[in-house]
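> have a look at this prediction, sequence included:
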Amino acid sequence: MGQLKLSEVKKRVKELEKKEKFYLDKENDEYIYYYPKFSDTKINELIEELYKTIKYCQENKLDKLNTDEEIARYLLFLIIKHFTSFKSEVDNKPFDIHYASMEMLEEVGLYRIFLNHMFDPVEVNKVLDRKNEIEKLGETLIAELEKNSLNEELNKLQVVDTLGK
């Protein structure tokens, strides 16, 4: 293969931009467009939307997305949203529209069809892995901040102890 060149990178980007048809019913020409390959940019947008939505639910005291199971379920909906033609229909709509759309897709069995038959599991795992990486990074940062805060408090106590003697 040799040295990577920008022309090869450009080809890879074009592959990420390609949509394909997934037929739900070929006889009746019922299909949906989807991205077979997930770009990092779209994955990042999806993860950002997930965390903004969780924060929205918490701030507005909504009884949604407050368990790991609910968050995972909603994350899978966001995969469907961001990597299919449904995005144009629900993008910039309020959370209740997104949540209702998720429930409708589940109710008619499309949720499972998309996730089990349309999307490549490797691509779905890229999203799940990214979410886990971000969560681990956040936990590490919080632990580091707590450690630094504790060290600052200990330093203050030592200064007070030293001044008090």
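Now that the structure is in, tell me what you want to look at.
> the helix or strand where Lys81 lies - what's its average pLDDT?
Secondary structure assigned from DSSP states H and E places Lys81 in helix 68-82. Averaged across helix 68-82, the pLDDT comes to 95.
> who are the packing partners of the helix or strand just after that helix?
Moving toward the C-terminus from helix 68-82, the next helix or strand (DSSP H and E) is helix 87-90. Judged by 3 or more Cβ pairs under 8 Å, 6 or more residues apart in numbering; DSSP states H and E, helix 87-90 is in contact with helix 95-107. For glycine as for every other residue, the C-beta is placed from the backbone atoms N, C-alpha and C.
> for the helix it packs on, buried residues please.
Going by neighbour count (16 or more other Cβ atoms under 10 Å), the buried part of helix 95-107 is Phe95, His98, Tyr99, Ser101, Met102, Leu105.
> with pLDDT added, can I get these in CSV?
Converted to CSV, these look like this (pLDDT from 0 to 100):
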residue, pLDDT
Phe95, 95
His98, 95
Tyr99, 96
Ser101, 96
Met102, 96
Leu105, 95
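> kindly indicate which of the residues you listed lies nearest Tyr31.
Using Cβ to Cβ, Leu105 comes nearest to Tyr31 of those, at 15.5 Å.
> report the contact partners of the closest one.
Phe77, Ile80, Tyr111, Phe114 (Cβ atoms under 8 Å, 6 or more residues apart in numbering).
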